[in-house]
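1. Let's see this in three dimensions:
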Amino acid sequence: MSTRSKYKSGPKGIPAPKPQDVAAAPIVDAGADVDTLAADQAEDAEASTKDNGLKLRDLVNRVVDATGAKKKDVKPVVEATLEQLGAALAKGEELNLPGMGKVRVARSIDKDGRTMMTLKVRGPGAPKEKEAKEALADTEEAV
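-> Numbering: from 1, shown residues only. Model (predicted):
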């Protein structure tokens, strides 16, 4: 088996980037609406996460966008949160988190020194509408 790459090397022996590693630079129209460009970039980001799943980088960027906090402040918090969620699931604890729903370990198998878990997730669904309760007495009546 050869260790040579099928891609030609760049200058001074630096390997040339693989075609799948090179992303096309976005084309910006000087007369385009900024909101339209932002929406297009958001759609591109969503499409890329659908292919490969949500990555830590994407999650951190979404939290930064949602909160307006600095990325350097958000990243350690997100990493610590994910670590604690993983530890809770590893212990077999059920998660019941707003916005995420209920998550529990349905099955856990140790394979090749790694724990593989099958999770059962019940999503948050739509919020339930509270029915207005009928008053027992009129508010105008004196007690």
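
2. so what pLDDT did residue 34 get?
-> pLDDT for residue 34: 51.

3. Next: residue 93.
-> Model confidence at residue 93 (pLDDT) stands at 94.

4. where's it, which helix or strand?
-> Using DSSP states H and E, residue 93 falls within no helix or strand.

5. Give me the distance between it and residue 122.
-> Here residue 93 is placed at a distance of 15 Å from residue 122 (CB to CB, to the nearest Å). For the C-beta atoms, the positions are set from N, CA and C on the backbone; glycine is no exception.

6. same thing with residue 56?
-> Counting by CB to CB, the gap from residue 56 to residue 122 is 25 Å.

7. what does residue 97 give?
-> 11 Å.

8. The top strand by length along the chain: what's the following helix or strand?
-> Secondary structure of the chain per DSSP state E: the longest strand is strand 101-111. For strand 101-111, the following helix or strand on the C-terminal side (DSSP H and E) is strand 114-122.

9. Only the buried residues of that next one, if you could.
-> When burial is assessed from 16 or more other CB atoms under 10 Å, strand 114-122 yields no buried residues.

10. Just list what that strand packs against, helices and strands only.
-> helix 71-90, strand 101-111 (3 or more CB pairs under 8 Å, 6 or more residues apart in numbering; DSSP states H and E).

11. redo that, cut-off 6 Å
-> strand 101-111 (3 or more CB pairs under 6 Å, 6 or more residues apart in numbering; DSSP states H and E).

12. From the contact counts, what lies against the strand it packs on?
-> On a contact count with 3+ CB pairs under 6 Å, 6+ apart, strand 101-111 meets strand 114-122.

13. now the angle between helix 71-90 and the strand it packs on, please.
-> For strand 114-122 against helix 71-90, the angle by axes from the mean of the first three to the mean of the last three CA atoms, to 10 degrees is 90 degrees.

14. Partner strands of strand 114-122, with direction?
-> Applying DSSP bridges, strand 114-122 is found paired with strand 101-111 (antiparallel).

15. Only the C-alpha atoms, please, for the strand it pairs with, written as CSV.
-> Only the C-alpha atoms of strand 101-111 are listed here, as CSV (Å, rounded to 0.1, in the frame of the first residue of the first chain):
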residue,chain,number,x,y,z
GLY,A,101,-38.0,17.3,26.0
LYS,A,102,-37.5,14.1,27.9
VAL,A,103,-34.5,12.0,27.1
ARG,A,104,-33.8,8.6,28.7
VAL,A,105,-31.4,5.7,28.0
ALA,A,106,-33.4,2.9,26.4
ARG,A,107,-30.4,0.6,26.0
SER,A,108,-26.7,0.7,26.9
ILE,A,109,-24.0,-1.6,25.6
ASP,A,110,-20.2,-1.7,26.3
LYS,A,111,-18.4,-2.5,23.0
